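Enquirer: Test case, fold it:
(chains A, B and C)
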Amino acid sequence: MPRARGSGIIVALLAAASAPLVLMYVFLVIETVGEAPPGQLLPDGFTLENWRFLWEDLPGKANIWAVTLNTFIFASATTVIVLAVSSTAGYALSRINLPFRAYFLAGVLVLHAFPTVTLIIAIFLVLQMIGLYNTLTGVILVKASLELPLGIWIMKGFYDTVPWEIEMAGVQDGASRFTVWRRLILPQVTPGILALGVFSFLAGWSEFILPQVLAPDNKVQVLSVYLAGLIADDYDLNFALFKSIGLFYVIPVVILYLFFQDKLMNIYGGGTKG
Amino acid sequence: MTPGKWLGVLFLMPATLFVVVFFLSPVLLTAVFAFTSMSTATGVGEGGYLITPSTLHRLAERGMDRSTAESLGATTYLVNPETLSRARAAGVAAATLDELGQRHAGKSFDGRRGFERALKSLNNRPRSVRALKQAARHFETSVLNRTFGQREDLLAALAASGVRLSDEDRERLVDASYTGWTWTTDNLRRMFGTADTAQVLANTLIYVFVTLILFNTGFALVLAITTFYLPTTEAAVFRGIWFLPRITPPVLYVLLWKWFAWDTGFLSTVLGWFGVASRNWMLDTAFNAWVFVVLINGFVGASMGMIIFSSAIRAIPEPLFWASEVDGASRWQQVRRIILPQLRWPILFVTSYQTLSLLTSFEYILLATDGGPGSTTEVWSLAAYHTALNNYAGNLQYGYGAALALVLVIIGVVLSLLYLRIFNFDALVARPRIET
Amino acid sequence: MGNPRKFASTLAAAALTASLATGTAPAADMTITVWAGGSNASDVYRVDAIEMAADILAREAEIRGESINVTVDKKLYDGWDDFKQAVTLAAESGNAPHIVVTGHEDIAPWANAGIIRKIEDLIDMDAWPINDIFPNLIEISSYEGAVYGLPQDAESRPFFAWIPHMKAIGYSDAGIAALPERVAGGEYTLYDVLDDAKKMQDQGVVEPGYGFYPRVSNGPDYWQFYQSFGGEMQDAASGKLIYDQGAMTRFYQFFADAVAMGVTRKNHVGTPWDQWYAEVASGKAGLWHGGTWHYARYTGKEGLTGFFDKIQFTLIPAGDANGRPNTITHPLVYLVTNRGTDDDAFIAAELVKIASEPRINTLHAIKSAHLGIAKSQTSIELYSNDRWASEATERLLPSANAMPNNTDFGVYWTAMWKGLESAWTGQKSPEQAAADAAAELRNALGDRIVMR
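Expert: The predicted structure follows:
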């Protein structure tokens, strides 16, 4: 099909619409190492001054590496929980004939598009009752739970596509359902697990409101809260510094995105918040 | 049950546990809170009992005997055998108590300072602030400004205070001094009674529908269709660019917009070359703030529609396009006659799904305008957040905030159930084929 | 869920017996956490003072032959919202910091909730330096007649005028020097402010919208204008809040008039703070109002030199014959929370007491350009040699009052601010805005607020 006809105009129009985004991301990189006098956009010098947060703590702020480690722990632990729980629950919902299965599925679907953040006061109370308020563990559990409905839904979708013949064959060979799942089915849904894993990691890495409200302590701070705290301080408004920290923050995301682009598109296309 | 079913139950357990603890119980709690007067001042837990001058003033207004109110309103320290032995039992130094008994037996002191001064003037005075405070405590007989954990404690203290109270007055006093929350429907009355609600509702509708129509569905369609007609590389580049906002952490993404709109940022600098005075374009006027709120959310929201519509277009059989090319149809006619009809369901899906997402998300607005300038961009979910978790004077209104959140919860559930019907839920729950 | 209030009833009980017998605090090594809200780099002494106090306390204990090693865990919050949210939720879960530095208006709800302890239960109010603190500040740290906290700093919110611009519209040096007195005497009113602002704009010394350049966000400052038009916030006798609809209307009308005259921008609220500071400190604005601590910002970060030649400061002028010239002081207070044992509380209170000693408090007062809390600070050279601190103390503090400590004040404040915004931006007429606020308050507070 001849698709190239007239594409010049389309490219121009799309480029115009995308210009703000491109500008923002290009200057995100430029400003972190460029020295530009006020009122001038393009830099005329090179500096690493804005990256000093990597080797010295900003006044009154936590150590960036400790914060990064926290963020990493937060995102990975969330991912592990989401994967473990979704891959089992997804299988049960896809393949095992349980009573109330339809209700459970409907429940997952309803929750999956739910106003989660508006529940935050009540979530706080639950955390407090089980003694996990102001801990990273508490935020991890909450974040994982809020991601679960989507995770279960996606894993169920992947299990649905595995041919029944594989399972039938395993069962006829006398293996238990658990062995069949573990040995035969799970390898079939590896792409799903990978995609969901990357997705959950990104979601955890980006999360802001939950750690901000549920773990306000310095010691459990994550990068989003750290950066937001800096921006909120009108005493020291330094966009170049903010952007350097922002770039540092977003680099892992971009790397993951470049490697798992297609898989991610699948999940985002499957529908999530936003 | 078969082993297979047991496995299913086992497999569903963790998910159920997580969802019940961190999802369903918060939903229920929100519904409960919505009917309480809960705030910082009342606390979330069980309240205590605290009689203050205001409590007494209020009761006197409502008919309590004024002289009773006055005697309750005095701070009294009393030295008598009873208080002395109470202090002795609690371990206050015997020498101190003996001397106190000798010098001040039967005396009553108005106010803490007077009594503490008397204690400090003893030869066997307590030799630390701590000892002083702990000694003084046992001689206080009044109930004013003391917190009691339990009703019985307050009643006991009232009995010990020596103030005569009628049963009716005592009941009223105990009720009025309770500091905890109570059940109430005031939150709903307040929500429907204030003009703010209408304003916030209007804001929410503007936010949801303008963003939805312009970006989450509208521009997403434009992106999907235009990239369909582009060569693969260009298409991938544009899809990649429009995907960036979704994977960028919100804090950074909003920071980029702030830089774009700030008084020393990109727009101001560039317009400055043309003599336009620099200003904060995002918060300059209510209109500007809305433009940015819609753009910030829309640029994120467009990607989901873009992906779904793109894959739906790719699923259209190619011969349909060839045939129309042969007929000499223009691009526009192709879009109208082939693509759009095929996208009916995806468009409906994206629209319904994103309505709910927009309705309940406030993270980007919180970070960008925080509902300002004024409260022109305060949407419902943000108002719930602000009410429950932000108050300049330190008194967070959990109960009213929960009532606001409850409205969203109800809308969320109703819409979700509606969508399940529309999108043919039954097809999704085909029965499993192995019954072992 | 835990009941933080139960501690009160068990307070008198046996737990104390052991330590009472010896009269010593047994804890050897402990960590005291202290959080301060609304504090940036120049406010570090709010928490550093506690650390200094811990050092002194350890030395005192050593001399008595005891060992008290207190590690101070400090945290500064830049803003108020996140801070109050964090303290409230932490307290609800029993993890509040031991010491909080916050605005005095938090005392009412937090005392009611049992989050904080009465400081008068923990320290000897007759002892130095407590007996040296200004009595009105102690009163502001009290709720329902009981002293809950100790003032951490005092400040006041003056009116500012850019002297060169005043001269440009015809003021003489003598006229500018006499301005504070004319304001204090009620001779120069808020409407004179608008007239002067208009003149400045007409003569082109400031740009349109910069004649009168108020605070850009909600704050205690706006209650000053309510008072300028005769408003009162609380009834002293009954402790109930007062809503004076006439005063509120005139106060709203004033800002609507400022916009109508073009001397204040309609979209002024929401201007970023950094922009605002840079503008007022460089003479882009004619008349404005701020806080005593702005001195540090203007002369520090914004690089203003010759402050006293360029800026005149006065009380907030009266609005009309009903009102009075005034200024609101919004002291921050040290509060000891119910976190931990009585041991912790006594140590925390002791630290707060030491941190309130004039010499230590002066470090904060001068570094952050706040005002002192005690009489003797005026004889400490760091304080008395500072022109700003001494002049501002003299000119402003005698007329300063504070917002009431009342649990419902937050609701009232929110309603006042919403009404002001809608009148300011022209969404409603001042009458309508004041009437709507009254309706909302009646709706929300019932008979807990008196309508006038």
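
Enquirer: drop to CA atoms for contacts and neighbour counts, all remaining ones
Expert: Fine.

Enquirer: Mind telling me what element the one residue sitting closest to the centre of chain B is part of?
Expert: In chain B, the residue lying closest to the centroid (Cα atoms, centre = their mean) is B:Y385, at 3.5 Å. Here B:Y385 sits within helix B:380-389, counting by DSSP states H and E.

Enquirer: right, and the helix or strand after that helix?
Expert: Using DSSP H and E, the helix or strand that directly follows helix B:380-389 along the chain is helix B:398-422.

Enquirer: Least confident secondary structure element in chain C?
Expert: Lowest mean confidence among the helices and strands of chain C (mean pLDDT, DSSP states H and E): helix C:6-10, at a mean of 38.

Enquirer: The residue lying closest to C:L304 once chain neighbours are set aside sits in which helix or strand?
Expert: Leaving aside its sequence neighbours, C:L304 sits nearest to C:Y298 (Cα to Cα, 6 or more residues apart in numbering or on different chains; 5.5 Å). Using DSSP H and E, C:Y298 sits in helix C:294-299.

Enquirer: With just CA atoms, put that helix into CSV.
Expert: The C-alpha trace of helix C:294-299 is given here as CSV (Å, rounded to 0.1, in the frame of the first residue of the first chain):
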residue,chain,number,x,y,z
HIS,C,294,11.4,39.3,54.8
TYR,C,295,14.3,41.5,55.9
ALA,C,296,16.6,38.5,55.7
ARG,C,297,15.4,37.5,52.3
TYR,C,298,15.5,41.0,50.8
THR,C,299,19.0,41.8,52.1
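
Enquirer: pLDDT wise, what is the residue most central in space within chain C at?
Expert: Central residue of chain C (Cα atoms, centre = their mean): C:H330, 2.0 Å from the mean position. If you check C:H330, the pLDDT there is 91.

Enquirer: next one: B:T227
Expert: Confidence at B:T227, expressed as pLDDT, is 90.

Enquirer: Quickly find the element holding it.
Expert: In the assignment (DSSP H and E), B:T227 maps to helix B:220-229.

Enquirer: Run the chain-centre distance for the helix or strand following that helix.
Expert: For helix B:220-229, the following helix or strand on the C-terminal side (DSSP H and E) is helix B:232-247. Mean-position distance between helix B:232-247 and its chain equals 35 Å (Cα atoms, centre = their mean, to the nearest Å).

Enquirer: CA atoms of the helix holding B:T227 as CSV?
Expert: This file holds the C-alpha atoms of helix B:220-229, laid out as CSV (Å, rounded to 0.1, in the frame of the first residue of the first chain):
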residue,chain,number,x,y,z
ALA,B,220,-5.0,9.9,20.3
LEU,B,221,-7.0,9.3,17.2
VAL,B,222,-5.1,11.8,15.2
LEU,B,223,-1.8,10.2,16.3
ALA,B,224,-3.0,6.7,15.5
ILE,B,225,-4.3,7.6,12.1
THR,B,226,-1.4,9.9,11.0
THR,B,227,1.3,7.5,12.2
PHE,B,228,-0.5,4.7,10.3
TYR,B,229,0.1,6.6,7.0
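
Enquirer: What ranges does the stretch 201-350 of chain B have for its helices?
Expert: B:220-229, B:232-247, B:250-261, B:266-272, B:286-314, B:318-326, B:331-334, B:340-342, B:344-360 (DSSP state H, counting those that start in this stretch).

Enquirer: B:P317 and B:I338, how far apart?
Expert: B:P317 is 10 Å from B:I338, where distance means Cα to Cα, to the nearest Å.

Enquirer: So for those two, which sits in the more crowded spot?
Expert: Using other Cα atoms under 10 Å in any protein chain shown as the criterion, B:P317 and B:I338 rank with B:I338 on top: 16 against 9.

Enquirer: And the host helix or strand of A:Y249, what does it pack against?
Expert: Using DSSP H and E, A:Y249 falls within helix A:239-270. With contacts taken as 3 or more Cα pairs under 8 Å, 6 or more residues apart in numbering or on different chains; DSSP states H and E, helix A:239-270 sits against helix A:7-33, helix A:190-206, helix A:223-232, helix B:250-261, helix B:286-314.

Enquirer: need those helices in a markdown table with mean neighbour count, distance to chain C and mean pLDDT, can you?
Expert: Output for these, formatted as a markdown table (neighbours: other Cα atoms under 10 Å in any protein chain shown; distance: least, Cα to the nearest Cα, whole Å; pLDDT from 0 to 100):
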| stretch | mean neighbour count | distance to chain C | mean pLDDT |
| --- | --- | --- | --- |
| helix A:7-33 | 16 | 20 | 89 |
| helix A:190-206 | 22 | 19 | 91 |
| helix A:223-232 | 21 | 7 | 88 |
| helix B:250-261 | 23 | 11 | 92 |
| helix B:286-314 | 22 | 8 | 90 |
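
Enquirer: is it possible to export those helices to CSV including distance to B:T233?
Expert: Converted to CSV, the helices and strands packed on helix A:239-270 look like this (distance: least, Cα to Cα, whole Å):
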stretch, distance to B:T233
helix A:7-33, 12
helix A:190-206, 23
helix A:223-232, 33
helix B:250-261, 26
helix B:286-314, 15
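
Enquirer: closest to B:N145 out of those?
Expert: Evaluated with Cα to Cα, these place helix A:223-232 nearest to B:N145, the distance being 38.3 Å.

Enquirer: need the strands for the stretch 101-250 of chain B, in chain order.
Expert: Remark: strands assigned in the stretch 101-250 of chain B by DSSP state E, counting those that start in this stretch are B:108-110, B:147-148.

Enquirer: Would you list the strands that the first one pairs with, along with their directions?
Expert: So the one you mean is strand B:108-110. Here strand B:108-110 has these sheet partners by DSSP bridges: strand B:76-78 (antiparallel).
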